[in-house]
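Asks: need a structure here:
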Amino acid sequence: MQQLTPAGQNIVNDLSQRYNLSQEAVICMLSAVNNGGGSMAQFNCPELGGSGQWMQGGMTMVGDMFNYGLKNTVNNLCTELSNALANTQMFPVVPAGSKNSNQWWPVELGRPFSSGAQNDIRYAVFPNRLAIQLNGQVTVYDTLDNNISGVSQQQGGNTSLTFSSQYGTIAVNTLPIISGPGIPAQKQTNFAQPAPVSNQFDQPDNDSAGNVNNNAVNNAVKNTDTPASISNSVNNSFIDQSSTDGIIALIEKIAKLHEAGALTDEEFNTKKTELLSRI
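Replies: Below you'll find the predicted structure:
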């Protein structure tokens, strides 16, 4: 169990009695709120419904989503813990930059513009620098000329982080490393460089479609001499199933890129509309 100051222990004892929770549960929530900078928490506490999230002045999520009494308990408890962290020294003072310090980044970086935590990853944004802590190890990145406005973690439980800047959404592991081990790169895609795939969308295989249409005309001429039968064969060729399947496959590919953050909403909708118009 994490060490507390005498004042911090008194607050935990009081909250434990008032909320009818064990001290371990209160300390678990205290650590979660502390890791979220006092304004948010991601926790996994069996006494409070398992996994959940809390945001000050925002949404509270618990494992039992329709248990509103549990939501109120979590919200009230986290609010009190946030106030306690702001007004009381809850944890013993540890050297800045160490693993257990609330100031876990290198001292020379100074005070961050913003900081936060998602799952087991913590981040702090500084002028021209981005610090990331993963598994107790801190990596400092050069943010180049990016003006970072937000950091988020990809879904699926991996360690992939992206950030928003004036250039869009960019993967953290594409930034130059100043110090530290870095964050493991994902195997699947470099989301910052999707250009090779997008070229396929700009130049669809028109030759194959043309060959299908020409073959349909030739076959129609061979089988009948009536203009009506020739027209029907040509029209059917334009909705050939193989061509339709190919376009649908391309739409699925750009949907995956859009979901991964490689395409903006506008780019995705433009490409999708263009492809659908060819069916």
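
Asks: The protein: helices as residue ranges?
Replies: Per DSSP state H, the chain carries helices over the ranges 6-18, 23-35, 68-87, 195-202, 206-223, 227-238, 241-260, 265-276.

Asks: So what touches the first one?
Replies: Applying C-beta atoms under 8 Å, 6 or more residues apart in numbering, the external contacts of helix 6-18 come out as 4, 21-23, 25-27, 30, 77, 80-81, 84, 88-91. Glycine gets a C-beta too; all of them are placed from N, C-alpha and C.

Asks: same check, this time on the third one
Replies: Judged by C-beta under 8 Å, 6+ apart, the contacts made with helix 68-87 from elsewhere in the structure are 8, 11, 15, 19, 21, 26, 29-30, 32-34, 38-39, 41, 48-49, 52, 54, 56, 60-62, 64, 90.

Asks: now swap in the last one and tell me
Replies: Taking contacts as C-beta under 8 Å, 6+ apart, the residues outside helix 265-276 that touch it are 201, 204, 247, 250-251, 254-255, 257-258, 263.

Asks: what angle separates that helix from helix 241-260?
Replies: Angle between the axes of helix 265-276 and helix 241-260 is 180 degrees (criterion: axes from the mean of the first three to the mean of the last three C-alpha atoms, to 10 degrees).

Asks: buried residues in helix 265-276?
Replies: 267-268, 271-272, 275 (16 or more other C-beta atoms under 10 Å).

Asks: cool, stretch 85-93 as well?
Replies: 85, 90-91.

Asks: got it, and stretch 65-85?
Replies: Buried residues in stretch 65-85, counted by 16+ other C-beta under 10 Å: 70-71, 73-75, 77-78, 80-82, 84-85.

Asks: could these go into a markdown table alongside pLDDT?
Replies: Below are these laid out as a markdown table (pLDDT from 0 to 100):
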| residue | pLDDT |
| --- | --- |
| 70 | 94 |
| 71 | 94 |
| 73 | 96 |
| 74 | 96 |
| 75 | 96 |
| 77 | 96 |
| 78 | 95 |
| 80 | 95 |
| 81 | 94 |
| 82 | 91 |
| 84 | 91 |
| 85 | 88 |
